[in-house]
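Asker: Sequence and predicted structure, then a few things I'm wondering about:
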Amino acid sequence: MTAAAIVPPSPLPEDRKVLLSRLVEGLDGNSLWWLSGFAAGLAQGNPPPSLAIIPGGQAAAPAPQSRLTVIYGSQTGNARRAAEQLAADVEATGLPVRLLRADAYPTRELATERLLYIVISTQGEGDPPDDAIGLVEFIAGKRAPKLPQLKYAVLGLGDSSYAEFCGIARKLDTRLAELGATRLQPAGEADLDIETVATPWRSQALADARSNISEAASPAPSNVTPLRHASTYSAQHPFTAEVLSRQVISGRDFKGPAYTRYGVADKWVHHLELSLEGSGLHYEPGDALGIVHRNPQALVASVLAATGLNGDTEVTHDGHSRPLSLWLAEHRELTRISRPLLINVGERSAHAELARLLEPEHKAELTRVFDDHQLVDVLRRWPADWSADALVSTLRPATHRLYSIASSRKRVGEEVHLTVDELRYDAHGSAHQGAASSFLAALEEGSQLPVFIEPNERFRVPADSSRDVIMIGPGTGVAPFRGFVQERAEIGATGRNWLFFGARHFNSDFLYQTEWQDALRRKELHRLDLAFSRDQADKVYVQQRLRTRGRDLYDWLQNGAHLYVCGAISMGKDVHAALLDVLREHGGLDEDGARDYLTQLHTEGRYGRDVY
């Protein structure tokens, strides 16, 4: 465990401290790094003449017609990384470029843009990432200007297991053309294997930038030294963390005859504590931990059985030779299915039913297949003649998983904690399991696993610690709020903390119950509202608790509280609807006014969502 950094007393007078607090409130990490460099430049007697170009948060000095603007909207970091790579490629050629997160882009500048690239992900059933909600609404709305002088290109990131694959990218691409802009290349639509589409799209984008930016244009001089700590660990090069402990925190009956005994449960939630000692990895509450998992042997065996293939068969693909069983265990996606996979299966199996499902008019039926079929279900339902080579080339590369971090470094030191819901269910006549959750649930003390940090800069405790926070986290969605409460207690935050938690049963599903009770006693948590849906005849959910507490909820928001939601996408939609009801009832707003209120909270950085 490392010693805490010693911060010298502030030399600022009290009125300047207040102004500084207001200035930094709501700024993301990129903006704060820029501000620190700006101040350093002033201290050295070199005031920057303009905003300098630094990775991740840029505004540019060149005239609009002599520079490229790259905007990204990202929920889990993939679109941000793709945009950063694009901007770095452009900058390496000597061309002027600025890179902006969507919520940092001044929409008034759209009318004067000449060259614009947008990299954006699509969430769930066709929703924009939280940081792009304002920009998407602006471009789609009546206030959007005509853009006859704009040239643009859009790269979309998504997951083809959802019906609205890259839906937001398609809508932006179409809308910009409707506004009179010139499309430089067709919208890229990247699936989970992002680089397959992103690499050629980026190459064309770079060529277009070269031909459309004046040769006389040159980047603004950089007066600010970036101070950002760049981790050497990533999904491609993870850190090997050691498991310090793992324990089941659901399924125990906390009262009655089953006390201290685990019985039949419909949830298996695990609390994991991992060591980051020696990694140099840093995280903030709200960030996610990336897990590079190995597919459980049972999953591998089921795929081999469904295809009739031998796991020892050597397969060469993309320059690598491995046994088929190793390809399936470590390098291929075995649970999530995609439309390209189903198309390939349809071609090999020649099943009329699958061909029918893939027709546009049967989208609803196909969506149900995506919802409840794993790879093995597809292989069993529509059997085909597979070779080992064909199977490996058809399956998508394995993708890492992200888990909300459930701790604060200020309290746990060089550790990181996770709350993992182990996926187990029966479907189509057989037992099913989640790939990553089963991998994590099987780890014992001393086990090792590859990890990396995925920052989530829009899901942070308020910079102003006097602000109140409202946290809505049913089930394992409560994980980041454990970190929030720890963090605010450690920094001595004076703002109040209000948690809404929901689950099926009080006795078996009240995650971290004793910790919340202790936090209430210590005044680290000030309000706790609970909803256990199956403990009474009429089901009660968190969104109903929000409506019941609507008056207080509205008053907290009016007084500057920050609002956070974490959990399943469907829950996030229900909570959003409940918040709209609260604003209409207690704020006297109409439907449009309530929507605008929440959009404004997003814009101000006071409404953070981590939904999955």
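Answerer: Done, it's in.
Asker: least trustworthy helix or strand in this protein by mean pLDDT?
Answerer: helix 29-43 (a mean of 52; mean pLDDT, DSSP states H and E).
Asker: What's the first helix or strand after it?
Answerer: strand 68-73 (DSSP states H and E).
Asker: Can you name the next helix or strand after that next one?
Answerer: Using DSSP H and E, the first helix or strand after strand 68-73 is helix 78-92.
Asker: quick one, the helix or strand just after that following helix and strand 68-73 angle?
Answerer: Note on helix 78-92: by DSSP H and E, the next helix or strand toward the C-terminus is strand 97-101. Strand 97-101 runs at 20 degrees relative to strand 68-73, counting by axes from the mean of the first three to the mean of the last three CA atoms, to 10 degrees.
Asker: other SSEs contacting strand 97-101?
Answerer: Contact here means 3 or more CB pairs under 8 Å, 6 or more residues apart in numbering; DSSP states H and E; on that basis strand 97-101 packs against strand 68-73, helix 78-92. Where C-beta positions appear, they are placed from N, C-alpha and C, glycine not excepted.
Asker: Most tightly packed of these?
Answerer: Most buried of the helices and strands packed on strand 97-101, by mean neighbour count (mean count of other CB atoms under 10 Å): strand 68-73, with a mean of 26.
Asker: List the contacts of it.
Answerer: Outside strand 68-73, the residues that touch it by CB atoms under 8 Å, 6 or more residues apart in numbering are 60, 79-80, 82-84, 86-87, 90, 95-102, 105, 113, 115-121, 128-129, 131-132, 135-136, 168, 209, 213.
Asker: rerun at 7 Å
Answerer: The contact list for strand 68-73, computed with CB atoms under 7 Å, 6 or more residues apart in numbering, reads 79-80, 83, 86-87, 90, 95, 97-102, 105, 113, 115-121, 128-129, 131-132, 135, 209, 213.
Asker: Can you select the buried ones among those for me in ChimeraX?
Answerer: Those of those that count as buried under 16 or more other CB atoms under 10 Å are selected in ChimeraX with:
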select :79,80,83,86,87,90,95,97,98,99,100,101,102,105,113,115,116,117,118,119,120,121,128,129,131,132,135,209,213
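Asker: The residue nearest the centre of the chain - nearest residue in space that isn't next to it in sequence?
Answerer: Residue closest to the mean C-alpha point of the chain, counted by CA atoms, centre = their mean, is residue 76 at 2.7 Å. Nearest non-adjacent residue to residue 76, counting by CB to CB, 6 or more residues apart in numbering: residue 402, 5.9 Å away.
Asker: how near is residue 467 to residue 605?
Answerer: Distance, residue 467 to residue 605, by CB to CB, to the nearest Å: 11 Å.
Asker: can you give me the helices in the stretch 301-450 of the chain?
Answerer: 324-326, 339-349, 352-357, 363-372, 375-381, 388-394, 409-412, 435-441 (DSSP state H, counting those that start in this stretch).
Asker: which strands and helices sit next to the last one?
Answerer: When you say that, I think you mean helix 435-441. Counting contacts by 3 or more CB pairs under 7 Å, 6 or more residues apart in numbering; DSSP states H and E, helix 435-441 is packed against strand 269-275, strand 415-421.
Asker: Among those strands, which comes closest to residue 143?
Answerer: strand 415-421 (41.9 Å; CB to CB).
Asker: average model confidence for that closest one?
Answerer: Average pLDDT, strand 415-421: 97.
Asker: what do you get for stretch 540-553?
Answerer: 96.
Asker: That one: end-to-end distance?
Answerer: One end of stretch 540-553 to the other measures 18 Å (CA to CA, to the nearest Å).
Asker: for stretch 515-533, same thing?
Answerer: Stretch 515-533 has an end-to-end distance of 21 Å (criterion: CA to CA).
Asker: do stretch 308-327 as well
Answerer: 16 Å.
Asker: which residues touch it?
Answerer: Under CB under 7 Å, 6+ apart, the answer for stretch 308-327 is 300, 304, 386, 388-389, 391-393.
Asker: Can you add distance to residue 432 and pLDDT and give these back as JSON lines?
Answerer: Formatted as JSON lines, the contacts of stretch 308-327 follow (distance: CB to CB, whole Å; pLDDT from 0 to 100):
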{"residue": "300", "distance to residue 432": "14", "pLDDT": "97"}
{"residue": "304", "distance to residue 432": "16", "pLDDT": "97"}
{"residue": "386", "distance to residue 432": "21", "pLDDT": "96"}
{"residue": "388", "distance to residue 432": "24", "pLDDT": "97"}
{"residue": "389", "distance to residue 432": "27", "pLDDT": "97"}
{"residue": "391", "distance to residue 432": "20", "pLDDT": "97"}
{"residue": "392", "distance to residue 432": "22", "pLDDT": "97"}
{"residue": "393", "distance to residue 432": "25", "pLDDT": "95"}
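Asker: now the longest strand along the chain: how far from the chain's centre is it?
Answerer: Longest strand in the chain by number of residues (criterion: DSSP state E): strand 239-248. Relative to its chain's centre, strand 239-248 lies at 23 Å (CA atoms, centre = their mean, to the nearest Å).
Asker: what angle do it and strand 415-421 make?
Answerer: Following the same axes, to 10 degrees, one obtains 50 degrees for the angle between strand 239-248 and strand 415-421.
Asker: And the contacts of strand 239-248?
Answerer: Applying CB under 7 Å, 6+ apart, the set of residues contacting strand 239-248 is 233, 268-276, 279, 281, 415, 443-452.
Asker: Okay, and the beta partners of the residue nearest to residue 76?
Answerer: For residue 402, the beta-bridge partners are residue 290 (DSSP bridges).
Asker: dump the residue contacts of it.
Answerer: Contacts of residue 402 (CB under 7 Å, 6+ apart): 76, 288, 290, 454.
Asker: Nearest to residue 342 among these?
Answerer: Nearest to residue 342, judged by CB to CB, of these is residue 76 at 24.0 Å.
Asker: any idea how far that closest one lies from residue 142?
Answerer: For residue 76, the distance to residue 142 - CB to CB - is 31 Å.
Asker: What is the burial count for residue 418?
Answerer: Using other CB atoms under 10 Å, residue 418 has 22 other residues around it.
Asker: That one against residue 406, yeah?
Answerer: Yes - if you go by CB atoms under 7 Å, residue 418 and residue 406 touch, sitting 5.8 Å apart.
Asker: any shared contact partners between those two?
Answerer: Common neighbours of residue 418 and residue 406 are not found (criterion: CB under 7 Å, 6+ apart).
Asker: just to revisit the earlier point, I'd like the helices and strands packed on helix 435-441 as JSON lines, with distance to residue 186 appended.
Answerer: JSON lines is the format used below for those (distance: least, CB to CB, whole Å):
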{"stretch": "strand 269-275", "distance to residue 186": "43"}
{"stretch": "strand 415-421", "distance to residue 186": "39"}
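Asker: Tell me which of those strands lies nearest to residue 173.
Answerer: For residue 173, the closest of the helices and strands packed on helix 435-441 is strand 415-421, at 36.2 Å, according to CB to CB.
Asker: Using PDB, write down the CA coordinates of that closest one.
Answerer: C-alpha atoms of strand 415-421 as PDB (Å, rounded to 0.1, in the frame of the first residue of the first chain):
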ATOM      1  CA  GLU A 415      -6.600  -3.000  -4.300                       C
ATOM      2  CA  VAL A 416      -9.700  -3.000  -6.500                       C
ATOM      3  CA  HIS A 417     -13.000  -4.600  -5.600                       C
ATOM      4  CA  LEU A 418     -15.700  -6.000  -7.800                       C
ATOM      5  CA  THR A 419     -19.300  -7.100  -7.500                       C
ATOM      6  CA  VAL A 420     -20.000  -9.900  -9.900                       C
ATOM      7  CA  ASP A 421     -23.400 -11.500 -10.700                       C
END
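Asker: any residues touching it, and which ones?
Answerer: By CB under 7 Å, 6+ apart, the surrounding residues in contact with strand 415-421 are 244, 267, 269-276, 283, 289, 403, 405-407, 437, 440-441, 475-476, 479, 511.
Asker: the inter-axis angle of that strand versus strand 269-275?
Answerer: Between strand 415-421 and strand 269-275, the angle comes out at 160 degrees (the same axes, to 10 degrees).
Asker: gap between strand 415-421 and the chain center?
Answerer: How far strand 415-421 lies from its chain's middle: 16 Å, per CA atoms, centre = their mean.
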